[in-house]
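Colleague: return atomic coordinates for the entry below.
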Amino acid sequence: MKNRQLGLMAIAAGVSVANVYYSQPILSAIADDIGISELESGRIAMCSQLGYGLAMFFVLPLGDSVDRKRLITTLLLLLTVFLSLLQVVDQLWWIYVCMFMVGVCAVPAQILLPMAASLYPESRGKSVGIVFGGVLTGMLGSRVLAGWITAMAGWRMVYLSSAVLVLLTVVLLWIYLQSVPRRFSGSHLSLIRSTLALIVRHRALREACILGFFTFGLFCSFWTVFTFHMTDLHYSVEIIGLFGALAIGGTFVAPYFGKLADRGNTKQSLYITVSLLMLGVLLLHFFPSNLWMLGFAILLLDIGVQATQITNFARIYALDDQSHSRLNTVYMTCYFMGAATGTYVGLASWSMGEWDGATLQLFVWSLIALGIVRFTKR
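Modeller: Got it, this is the predicted structure:
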């Protein structure tokens, strides 16, 4: 029963979070279909990330104060609605609105993480690891699926297929997911206040948040401009999507850095992970058209970002056992605000200097991340 429920939670997390990333490898296809510029299509990815980031702050804390099962299924039903609307809307501003709400309603992926820790406290690390594996699979596999489906049936079919999958997930969750008693009985305002108080109380949380902002901002900035770069090199959406499959290797390597953090080697782990990011960016800049080097660089970026994420999780979940959802709220809000900011900066750098300008700003982000690690408390 335990393994079946954790497996279902991992699937649900992956199915929901994938919707934030489907657009990244198919931005050019969307632009061609509805007749918009690359800059306007790039804002589609930014809208979903912005919605996801804001939901982290305003919706995710509810996981400590309401029935998580009801919250998750309600949000996923709303996600189905907005995914379905993408089949009929043609005006760009409507697409922006739908993608923003898709981001908001995809937040159950993050509600399920602390829920796994609460359901099985005797094996918290393993349980969270299983669900986080689902999140990673959704993030990484979404790019591959989006490329394939768009090539066969168009970009709108990506979101129609997702709507069907999300609806099926809702049914399974309603039948099999266990309810968890709420842990906070105050008002939503007091819940938000207690969340903000965690920022003041824990230096390690502040450090993890700032580092997460810049590392994931770099990552999302890269994926936005990479789509345009590969399109300029005349590669299809299937090939662009396949690069996402390279990230699967990162899921096997990244947990090693979590073990380093468990042993107290947090700073050493972070130095290595950020160095991998810097090396990946340098390869992107100096080998812009070499597919092997581009693939290796993407693998380094994925390992670096995922390993940094796991190390940060190990740090913040050890701070307060009674506030996992709220700790997750603070960290993941900063994480995905970094994603939205990185996407915006990436679009601006592309419009000014295309690939050279984009890789230069990626290197600046990696330098900032390294500086943050330098001043991180041991």
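
Colleague: now do the contacts for the residue nearest to T231 when sequence neighbours are not counted.
Modeller: Spatial nearest neighbour of T231, excluding adjacent residues (C-beta to C-beta, 6 or more residues apart in numbering): S28 at 4.4 Å. Quick note: C-beta positions are derived from backbone N, CA and C, even for glycine. Residues near S28 by C-beta atoms under 8 Å, 6 or more residues apart in numbering: 38, 41, 227-228, 231, 237.

Colleague: any chance of those residues in CSV with neighbour count and distance to S142 as columns?
Modeller: CSV is the format used below for these (neighbours: other C-beta atoms under 10 Å; distance: C-beta to C-beta, whole Å):
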residue, neighbour count, distance to S142
E38, 18, 20
S41, 25, 17
T227, 30, 13
F228, 24, 18
T231, 18, 19
V237, 23, 13
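
Colleague: which one of the residues you listed is nearest to P114?
Modeller: T227 (32.6 Å; C-beta to C-beta).

Colleague: give the rounded mean pLDDT of the host helix or strand of that closest one.
Modeller: Assigned by DSSP states H and E, T227 belongs to helix 203-232. Averaging pLDDT along helix 203-232 gives 89.

Colleague: helices or strands next to that helix in the packing?
Modeller: Using 3 or more C-beta pairs under 8 Å, 6 or more residues apart in numbering; DSSP states H and E, the elements in contact with helix 203-232 are helix 27-34, helix 38-58, helix 188-201, helix 237-242, helix 266-286, helix 291-316, helix 324-374.

Colleague: the residue nearest to T231 and F226, how far apart?
Modeller: Using C-beta to C-beta, to the nearest Å, S28 is found at 11 Å from F226.

Colleague: in the stretch 51-200 of the chain, where is pLDDT below threshold?
Modeller: Along the stretch 51-200 of the chain, the model assigns pLDDT under 70 to residues 117, 121-126, 128-129, 181-188.

Colleague: what sits against the closest residue to L85 other than its chain neighbours?
Modeller: The shortest distance from L85 to any residue other than its chain neighbours is 5.1 Å, reached at C98 (C-beta to C-beta, 6+ apart). Counting by C-beta under 8 Å, 6+ apart, C98 touches 82, 85-86, 89.

Colleague: could I get those as a markdown table with distance to A348, secondary structure and neighbour count?
Modeller: Compiled in a markdown table, the contacts of C98 are given as follows (distance: C-beta to C-beta, whole Å; DSSP: H, G, I helix; E, B strand; the rest coil; neighbours: other C-beta atoms under 10 Å):
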| residue | distance to A348 | secondary structure | neighbour count |
| --- | --- | --- | --- |
| F82 | 27 | helix | 23 |
| L85 | 29 | helix | 17 |
| L86 | 26 | coil | 19 |
| V89 | 26 | coil | 16 |
